[in-house]
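>>> sequence first, predicted model second:
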Amino acid sequence: MADKVRVRLFFLYISDWKTNIKIIMELLEQLSHCIEFGKINQASPYPPDMKGQDGADELAKMALDQGVGANDILQKGLVPGMEKVGLKFRENKVFVPQVLMSAKAMSAAMVHLKPFFASGEVERKGKFVICTVAGDLHDIGKNLVSMMIEGSGWEVIDLGVDVSTEKLLETAKANPNCVVGLSALLTTTMNNMAKTVREIKAELPNQVVLVGGAPLTDDFRKEIGADFYSPDPQGAVEYLKTLVA
Amino acid sequence: MKMEWIESLLGYPEGNLPEPIPGVISSIIELAPEHTDIQGGYLIMDKFEIHDEYRMQVDGLEFLPTKAIAHQVRASEKLAFFMITAGEGITTWSQRELTEGDPMAGYIIDLIGSEIVVAALDRMQDDLAGKMGKDGFKITNRYSPGDCGWPVTDQQKLFSMFPENFCGITLSESSLMHPIKSVSGIIGIGKEVKKTAYACDLCEMETCVYRYRKKIRSTP
C-alpha cells in the first residue's frame, strides 16, 4: 500500500514538474516574443496589437520571481528574441525604428538581470568595445550593432562617437581578449578608420577588429587589415559566435 | 517635408509604414518648429583660383575639393561660402527621446532634423539664385567638405573665413560641426555655370551614403 502511494506521489510530482516547466517555457517564449516585437512594458502602446499586455519588463521580473535562472532568462528569452530581430533586419522585414524598440525592450528586461551579471551568475560571452571613429558623429549604426551584440550575450563597452585611437587602445589594453568594433558612415572618415586599424594592429597585433558602416566593403576591410566586415549587425553577431564556439 | 521621404529614409517600402510610425512622424513634424532655431548665411568671394590638381585658392587659403567638385565650379566667376544650422534643440530633443523616452521617436527626430537643415539650405540656395539671377548669374549645386571625397579637414579653412561662432556654429578639432544639424560648403556663381539634377554621377564613390540620400530626395 505504501509503495502504491509513493508511486502515485512520484507521478504527481513529475506531473507538477512538467506543468512548471511548461509554464516557464511559455514565459520565456513570451519574453522572446516581446523582444522580437519591441514590447517594452505594459504601459507601452507599441506594438498596437499587444496594447495592455505585459512587456519584457514585467515578464523578466515574473520569470525571476518564479525561480527561473537569470542565465536562462538571458539565453532562452532575450537572446533568441534579439536573434530573430537581427535576421528580420537583415532580410528587410523590419527597419531601424522597430529594432530600436526591440533593443529598448531588451534593456528593460536586462535591468532585472544586472545584479546577476555583477555576481557572476550570468556569464557573458566576452567583451566587445565599440565606437564610431574619429571625425564621425554618426551613431545609429553603431548603436544597432551594440544592441544586437549585447542581446547575444556579450558585455558591450560603448565608447561613443568621434573616438580617438588613443582612447580605443587604452580601453582594449584594460580589457584583455576583448573584441573591437569600429563604425564609420562617411567616405571621408573611412580614412580615419584605416588609420585607427593600422595603429591598433601595430600596438596590439592580435587584437580582433570588426568594421562596419554604410560606405564600407569587404575589399576595404582587407585593404586596411581589419579582421571582419559585415554589412549588417547580425553578421557581427554571427562572427562573434565563431570566436567563442 | 514629405512623409514619403521620411518613409524612404527609414527604409520602408512605399505605403508600408507600420503603426504607430505614421502618427509618430506627424506629431514630430508638428512639434519640430518648437525645437528648431534655423540660422545661416553666406559670403561671396570674387577672387579665387582653381589649379590643375583641383587645388582651390581663396583669400590666401588653399582648399582641396577633388575633381568632381572642382569640375562643377571651375567656370564660376564668384564663390559663395555658406553655413547654416537647424540649432541645438532638435538634437537635444532626439537624444532625450533616444536615452530616456521613446527610441523610435528619437531616431525619427534625428532624421527629421537632418531634413530640416537640408530644406533650410534649399531655401537659402534659392535665395542666392534669385539674387544672382537679377545680374544674369546662375549658380551651381552646393558642395560641402565630406562630399565627393573633399576632405572634412578643409572645414577648418572654411570656418576661418567667417566670424567666430557665426550663427552659433562651432567646429571641433576633428572638424565636426556643433550643433550637429549644421551644414557648410560652397556654391559656384557665374554666367556659364549650371545646376545639375544629380551631381553624384560625377563622383567615383559608389557606396557613399549621400548618394543614397540624394537618390531618395530626388525621387518625385
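Happy to help now that I have it.
>>> next, the contact list for the residue nearest the centre of chain A, please.
Among the residues of chain A, the one closest to the centroid is A:Gly151, at 1.9 Å (Cα atoms, centre = their mean). Contacts for A:Gly151 (Cβ atoms under 8 Å, 6 or more residues apart in numbering or on different chains) come out as A:35, A:78-79, A:81-83, A:85-86, A:103, A:106. All C-beta spots, glycine's among them, are computed from the backbone N, C-alpha and C.
>>> kindly report the same for A:Asn177.
A:Asn177 touches A:126-127, counting by Cβ under 8 Å, 6+ apart.
>>> near chain A, which residues of chain B?
Neighbours of chain A within chain B, by Cβ under 8 Å from any Cβ of the partner chain: B:10-12, B:18-21, B:98, B:103-104, B:106-108, B:110, B:145-146, B:149-152, B:172, B:174-176, B:180, B:205, B:207-209, B:212.
>>> want to throw the contacts of A:Gly151 into JSON lines with neighbour count, secondary structure and distance to chain B?
Below are the contacts of A:Gly151 laid out as JSON lines (neighbours: other Cβ atoms under 10 Å in any protein chain shown; DSSP: H, G, I helix; E, B strand; the rest coil; distance: Cβ to the nearest Cβ, whole Å):
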{"residue": "A:Ile35", "neighbour count": "32", "secondary structure": "helix", "distance to chain B": "14"}
{"residue": "A:Leu78", "neighbour count": "27", "secondary structure": "helix", "distance to chain B": "17"}
{"residue": "A:Val79", "neighbour count": "19", "secondary structure": "helix", "distance to chain B": "20"}
{"residue": "A:Gly81", "neighbour count": "27", "secondary structure": "helix", "distance to chain B": "16"}
{"residue": "A:Met82", "neighbour count": "28", "secondary structure": "helix", "distance to chain B": "15"}
{"residue": "A:Glu83", "neighbour count": "20", "secondary structure": "helix", "distance to chain B": "20"}
{"residue": "A:Val85", "neighbour count": "29", "secondary structure": "helix", "distance to chain B": "13"}
{"residue": "A:Gly86", "neighbour count": "27", "secondary structure": "helix", "distance to chain B": "15"}
{"residue": "A:Ala103", "neighbour count": "24", "secondary structure": "helix", "distance to chain B": "7"}
{"residue": "A:Met106", "neighbour count": "27", "secondary structure": "helix", "distance to chain B": "11"}
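>>> make a ChimeraX selection of whichever of the residues of chain B next to chain A turn out to be buried.
The following ChimeraX line selects those of the residues of chain B next to chain A that are buried, judged by 16 or more other Cβ atoms under 10 Å in any protein chain shown:
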select /B:10,12,20,21,98,103,104,106,107,108,110,145,146,149,150,151,152,174,175,176,180,205,208,209
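>>> number of residues surrounding residue 116?
Picked chain A for this. By the criterion of other Cβ atoms under 10 Å in any protein chain shown, A:Phe116 has 17 neighbours.
>>> correction: the question concerned chain B.
The burial count for B:Ile116: 22, using other Cβ under 10 Å.
>>> what does chain A put close to chain B?
Within chain A, the positions adjacent to chain B are A:45-48, A:92, A:95-98, A:100-101, A:103-104, A:134-137, A:140, A:162, A:185-189, A:214-217 by Cβ under 8 Å from any Cβ.
>>> out of these, which sit inside helices?
Those of these mapping onto helices are A:96-98, A:100-101, A:103-104, A:140, per DSSP state H.
>>> low-confidence regions, chain A specifically.
A:1-19 (pLDDT under 70).
>>> show me where it has helices.
In chain A, the segments counted as helices under DSSP H are A:2-37, A:56-65, A:70-72, A:79-90, A:96-119, A:140-150, A:165-174, A:190-203, A:218-224, A:233-244.
>>> what's the angle from the last one to helix A:79-90?
Okay, so that is helix A:233-244. Orientation of helix A:233-244 against helix A:79-90 (axes from the mean of the first three to the mean of the last three Cα atoms, to 10 degrees) gives an angle of 130 degrees.
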